[in-house]
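Visitor: Please find the sequence and the predicted model below.
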Amino acid sequence: MKFKVILFSGLLLALFSSAASNCLSQETKKLTAEEVIASHLDSIGTAEARAAFKSLVAQGAVTVNVRIGGSGQGKGGAVVASQGPMSLMGLIFGPQEYGNEKMAFNGQKLTLGDFRPGVRTRFGDFLMTHDVVFREGLLSGTLSTAWPFYDMSGLKGKLQYLGTKKLNDRKAYVLSYEPRNGGNLDVKLYFDAETFQHLRTEYQQEFVAPSVTRPEKAARQKGTRLKLTEDFSDFRREANLTLPHNYKIQLTIDSESDPLLQDWAVTLSQFLFNKKLDAKQFDLTAQ
């Protein structure tokens, strides 16, 4: 299926705009970021259960939707695996004309599978540019043993409590996360105000349009906005941990010349804990 380029900047811009009703609000009794994280960890499992969480392989199905920058839908298989600080993800669609997404982090370096020889997908480009999401264990949230809040003593980034916001009609606590050496990537984490389960991570970056000298051109200049969103839902018990079974990733590129809106909806159905995994599996160059 050939992708057709669709320019729909208005919709893309709307994705970055916040309605007045969804503005961040401060609680009368403010929580600290540390208090939110402590309750979040309790929502996953006991300290003993979390300490025993050494590796995970979760498998299921994935559906990809290309909404802007092409069109179409495809179905395939998904795997999310981790062991300690190492993690990998595979979203595989076989011979269809959808880019397979393969990424692996061996604790030091991120490697990606190619869309075509020497060509990465735009999702892959985003991750390679912002490999901090792997280096600091953010990608795939609590589905990864690298989730940075499992070991607060080794936390690399800085947390700040921002207040609350409505997220899909539910109140959520919002924390900002400032990665170490993360450039100008803006990261926000959302936790359910009742259960403290991790519902969403948002990564955003904005590039200012290049300056021009002619006023008539300056009025038409537009910067580029990048946004990656991870949403988590359907929390259920697996072994001694409560983990999400639905995982959605959405990549939005608001660009005048080459916009994109694409998402991957993952449904996980099989969970395997604490199996010793070969470190080579987390390096795509070794395969």
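Guide: Okay, I see it.
Visitor: I figured residue 180 hits residue 148, correct?
Guide: No. Residue 180 lies out of contact with residue 148 (CB atoms under 8 Å); the separation is 10.5 Å. Every residue, glycine included, has its C-beta placed from N, CA and C.
Visitor: now residue 274: how far from residue 151?
Guide: Counting by CB to CB, to the nearest Å, the separation of residue 274 from residue 151 is 17 Å.
Visitor: now the stretch 151-287 of the chain, which segments are flagged as low pLDDT?
Guide: Along the stretch 151-287 of the chain, the model assigns pLDDT under 70 to residues 207-222.
Visitor: any chance you could map the helices in it?
Guide: 215-218 (DSSP state H, counting those that start in this stretch).
Visitor: where along it do the strands fall?
Guide: Listed in chain order, the strands of the stretch 151-287 of the chain (DSSP state E, counting those that start in this stretch) span residues 158-167, 170-178, 186-192, 198-207, 224-238, 241-254, 260-273.
Visitor: Pipe those into TSV and attach distance to residue 113 and mean neighbour count per row.
Guide: Listed next are the strands of the stretch 151-287 of the chain as TSV, based on distance: least, CB to CB, whole Å; neighbours: other CB atoms under 10 Å:
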stretch	distance to residue 113	mean neighbour count
strand 158-167	32	16
strand 170-178	27	19
strand 186-192	25	21
strand 198-207	21	19
strand 224-238	18	18
strand 241-254	16	21
strand 260-273	15	18
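Visitor: CSV for the ones you listed, including distance to residue 70?
Guide: Compiled in CSV, the strands of the stretch 151-287 of the chain are given as follows (distance: least, CB to CB, whole Å):
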stretch, distance to residue 70
strand 158-167, 28
strand 170-178, 31
strand 186-192, 27
strand 198-207, 22
strand 224-238, 17
strand 241-254, 12
strand 260-273, 8
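Visitor: With respect to residue 127, which of those strands lies nearest?
Guide: Ranking those by proximity to residue 127 (CB to CB) places strand 224-238 first, at 8.5 Å.
Visitor: helices or strands next to the closest one in the packing?
Guide: helix 9-16, strand 198-207, strand 241-254 (3 or more CB pairs under 8 Å, 6 or more residues apart in numbering; DSSP states H and E).
Visitor: Let me know whether residue 73 touches residue 93 as I believe.
Guide: No. Residue 73 is beyond contact range of residue 93, at 10.3 Å (criterion: CB under 8 Å).
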